[in-house]
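With the sequence up front, the predicted model follows.
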There are 2 protein chains.
Amino acid sequence: MPTPEMPTPESTTEAPQDFEALKAVILERKAQLPKRLKQVAAYSLDHPDEIAFGTAASIATSADVQPSTLVRFAQHFGFEGFSSLQQIFRARLRERTPGYEDRLKALRGNDHATLESGSIFNGFVAAAHRSLDNVARAIHPEAFEKAVDILAKADTIFLIAKRRSYPISSYMAYAFGKLRVKYQHVGTAAGIDDDLLAMATKQDAAFAVSFSPYASESAAQARFLANRKVPVVSLTDSAFSPLAESSKVWFELVEADHAGFRSLSASMAFAMALTVAIAEKRRRQGDSGGS
Amino acid sequence: MPTPEMPTPESTTEAPQDFEALKAVILERKAQLPKRLKQVAAYSLDHPDEIAFGTAASIATSADVQPSTLVRFAQHFGFEGFSSLQQIFRARLRERTPGYEDRLKALRGNDHATLESGSIFNGFVAAAHRSLDNVARAIHPEAFEKAVDILAKADTIFLIAKRRSYPISSYMAYAFGKLRVKYQHVGTAAGIDDDLLAMATKQDAAFAVSFSPYASESAAQARFLANRKVPVVSLTDSAFSPLAESSKVWFELVEADHAGFRSLSASMAFAMALTVAIAEKRRRQGDSGGS
DNA sequence: CGCGAAATGGAACGTTCGTTCTATCGTGAC
DNA sequence: GTCACGATAGAACGAACGTTCCATTTCGCG
């Protein structure tokens, strides 16, 4: 009889999958742990960063135990070895976003969780939340102030965006229209763009948006304006964006994605804030700059 | 006095000691970097977490370079090897986003004085969060399923949106293009819209978006299609929307606002989910609906 | 077109890693 | 006292690591 070498039916992993769960289990069983394992338990909760970055050998030295003890500790809690336990500690550092946990739990609890297309729906909502959580960190208030300054001073604001970025500029175009801020939307009808840009002067300014993979047209148009001393403000997702070098001020904003489709929420929120801040500054200066 | 231009006799190692300094140096010298090193430079700033946790081999694979290139990159910036550069990225994760909390508090403290546009910015991010928190409640999974059904079956999907809703449909147009879903964007150039709509048949379907104050054109176009037995799915913000009566399925979605400017994040997340769900359903049915 | 320098890819190297294995230790039962 | 058994320390091992080295390619310049 070919018996599978599996003495215990529970040898299938019941290991905690996130740090909070792991912490709970450790605290719960801490009292009944052998001496050395208790020592590791205390160390792991007191120095989680060390566990995340260190090697088994270095951690063992710090915690004053043998490396093999770390392995036994990990296996004691259902992990295959020390390395897989370490992943929990690393994941904790990656996704440290306050409030995010609660939102995700709320999402899991809703009706959409059951249906298949519902998980797509929840996925995009979660991605949007993540994007927004990051955006405040990514945007420096001083830079934002400066961008508002530049664009509020401009006579006409040129909006440059293609493809995936186009919805952002088209929102700004709509809002600028309502707010009576003079603008030119570049990239709507092909052919006349160059003529439009040729009319730009130092008194104007431009706002360009482009995310990887960058539309070469947008980069070229931004460069064209920069060469003509038209100040350019840009929104992109990497310091290596071709837009950056043409810009007086630029913002680096990485959207979270679901299934490879990047959110637009953070960019949109940014665009709205910029638009309104510009209009507000103009209103206060009593200079509408409009038609 | 440290002279900026140094012919690089490599006298003393002047490696940056923290992430911000490193980032600054990389950005400063990125233009003069060889191809592969520039590639690493971009990757390192775009995926700092990967650098922190990964191994030289795994990072090299992700960044599509050789491990040795990573070492050369590190040495190029004054580090002894890749490992010591990696320490910088790890230290960055250890420090809990220093300064950010303070900056936020400072912003909240100074409501009107110094950084007024900062509060505008925070306001829009908060509004977007609120919108997203509501959207899962507002959208019924069954209705979503049905909408996906209708639109996935369609030969051509007509996208109807004006003004404030236009960014939403223009994102969908972009995504449909990428996903090879046949669509017609209604409302781009005035005049030919009616001719476009006249070509719609029962085999097609439409997705209309309109929020209060409703664009009368959008409502009229939706009605026109409904009369011709073209199924219409719509996204709006009230049960009394003129779109509702023309629609087979409609969604009521109220965006939160800041200073009277409504967010678009919930609508965008909805649009993305709908778009991807449609494409996913088509893919599974092996029916692309035309190229 | 040809030359020299710089950059690159990839194999090879010595090191260090996490894990396993086993002899020894400590402890409670009888 | 000694037997049984889990816990422990530490050596041993294969795998994977970061680094180095060198042949080849690419680039800039006369």
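Received it, and whenever you're ready, just let me know what you need. On a predicted model such as this, the values are computed, not experimentally measured, just so you know.

Now the element after the lowest-mean-pLDDT helix or strand in chain A, going C-ward?
Lowest mean confidence among the helices and strands of chain A (mean pLDDT, DSSP states H and E): helix A:100-109, at a mean of 53. Following helix A:100-109 in sequence order, the next helix or strand is helix A:116-138 (DSSP states H and E).

got the angle for that next one vs helix B:116-138?
For helix A:116-138 against helix B:116-138, the angle by axes from the mean of the first three to the mean of the last three C-alpha atoms, to 10 degrees is 170 degrees.

Outline the domain layout of chain A.
Per automatic domain parsing, the domain ranges recorded for chain A read A:12-94, A:100-135, A:139-285.

Which of these comes out lowest on mean pLDDT?
The minimum mean pLDDT among the domains of chain A belongs to domain A:100-135 (a mean of 71).

give the contact list for residue A:262.
A:127, A:164, A:211, A:255, A:256 (C-beta atoms under 8 Å, 6 or more residues apart in numbering or on different chains). C-betas here are computed from N, CA, C, even on glycine.

if I look at the first one, how far off is DNA strand C?
Computed as C-beta to the nearest atom of the strand, to the nearest Å, the residue A:127 to DNA strand C distance reads 32 Å.

Kindly report the same for residue A:146.
Counting by C-beta to the nearest atom of the strand, the gap from residue A:146 to DNA strand C is 34 Å.

what do you get for residue A:167?
Going from residue A:167 to DNA strand C by C-beta to the nearest atom of the strand gives 36 Å.

One more: residue A:175?
As judged by C-beta to the nearest atom of the strand, residue A:175 and DNA strand C stand 44 Å apart.

measure that residue to residue B:124 for me?
As judged by C-beta to C-beta, to the nearest Å, residue A:175 and residue B:124 stand 12 Å apart.

Same question for residue A:91.
Taking C-beta to C-beta, one finds residue A:91 at 30 Å from residue B:124.

Between the two, which is the more surrounded one?
residue B:124 (29 against 15; other C-beta atoms under 10 Å in any protein chain shown).

so what's the more buried one up against?
A:269, A:270, A:272, A:273, A:276, B:258, B:261, B:263 are the contacts of residue B:124 under C-beta under 8 Å, 6+ apart.

Contact partners for the residue in the stretch 1-150 of chain A that DNA strand C sits nearest to?
Minimum separation of the stretch 1-150 of chain A from DNA strand C (C-beta to the nearest atom of the strand) falls at residue A:81, amounting to 2.1 Å. Taking C-beta under 8 Å, 6+ apart, we find residue A:81 in contact with A:71, A:74, A:75.

Relative to residue A:60, how far out is the first one?
Using C-beta to C-beta, one obtains 10 Å as the distance from residue A:71 to residue A:60.

Can you spell out which helices and strands pack onto the host helix or strand of residue A:159?
Using DSSP H and E, residue A:159 falls within strand A:157-161. Applying 3 or more C-beta pairs under 8 Å, 6 or more residues apart in numbering or on different chains; DSSP states H and E, one finds that strand A:157-161 contacts helix A:166-179, strand A:183-186, strand A:205-210, helix A:216-227.

what residues does the stretch 51-200 of chain A put near DNA strand C?
Residues of the stretch 51-200 of chain A lying close to DNA strand C by C-beta under 7 Å from any atom of the strand are A:55-58, A:67-68, A:70-71, A:74, A:80-84, A:86.

Kindly recompute the last result at 6 Å.
Residues of the stretch 51-200 of chain A lying close to DNA strand C (C-beta under 6 Å from any atom of the strand) are A:55, A:56, A:57, A:58, A:67, A:68, A:71, A:81, A:82, A:83.

Can you tell me which of these has the most neighbours?
Neighbour max across those (other C-beta under 10 Å) = residue A:82, 21 neighbours.

correct me, but it touches residue A:72?
No - the criterion here is C-beta atoms under 8 Å, and residue A:82 misses it with residue A:72 at 9.0 Å.

who's in contact with the residue of the stretch 51-200 of chain A at minimum distance from DNA strand D?
Proximity of the stretch 51-200 of chain A to DNA strand D (C-beta to the nearest atom of the strand) peaks at residue A:68, 3.2 Å away. Not one residue lies near residue A:68 by C-beta under 8 Å, 6+ apart.

which SSE is it in?
Going by DSSP H and E, residue A:68 is in helix A:67-76.

Same question for that helix: list its buried residues.
Buried residues in helix A:67-76, counting neighbours by 16 or more other C-beta atoms under 10 Å in any protein chain shown, are found at A:69, A:70, A:71, A:72, A:73, A:74, A:76.

Let's have those residues in JSON lines, adding distance to chain B.
Output for the buried residues of helix A:67-76, formatted as JSON lines (distance: C-beta to the nearest C-beta, whole Å):
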{"residue": "A:69", "distance to chain B": "24"}
{"residue": "A:70", "distance to chain B": "18"}
{"residue": "A:71", "distance to chain B": "20"}
{"residue": "A:72", "distance to chain B": "24"}
{"residue": "A:73", "distance to chain B": "21"}
{"residue": "A:74", "distance to chain B": "18"}
{"residue": "A:76", "distance to chain B": "24"}
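
Could you point out which of these is nearest to residue A:35?
Ranked by distance to residue A:35 (C-beta to C-beta), the buried residues of helix A:67-76 are led by residue A:69 at 10.1 Å.

Would you check how far apart that closest one and residue A:43 are?
Relative to residue A:43, residue A:69 is positioned 11 Å away (C-beta to C-beta).

Same check on residue A:163?
In terms of C-beta to C-beta, residue A:163 sits 51 Å off from residue A:43.

go on, residue A:201?
Taking C-beta to C-beta, one finds residue A:201 at 65 Å from residue A:43.

For residue A:236, what are phi and psi?
Phi and psi for residue A:236, reported as degrees, to the nearest 10, are phi -150, psi -180.

now swap in residue A:229 and tell me
phi 70, psi 20.

phi, psi of the nearest residue to it once chain neighbours are set aside?
Nearest residue to residue A:229 in three dimensions, chain neighbours excluded: residue A:202, at 4.9 Å (C-beta to C-beta, 6 or more residues apart in numbering or on different chains). When quoted as degrees, to the nearest 10, the phi and psi of residue A:202 stand at phi -60, psi -20.
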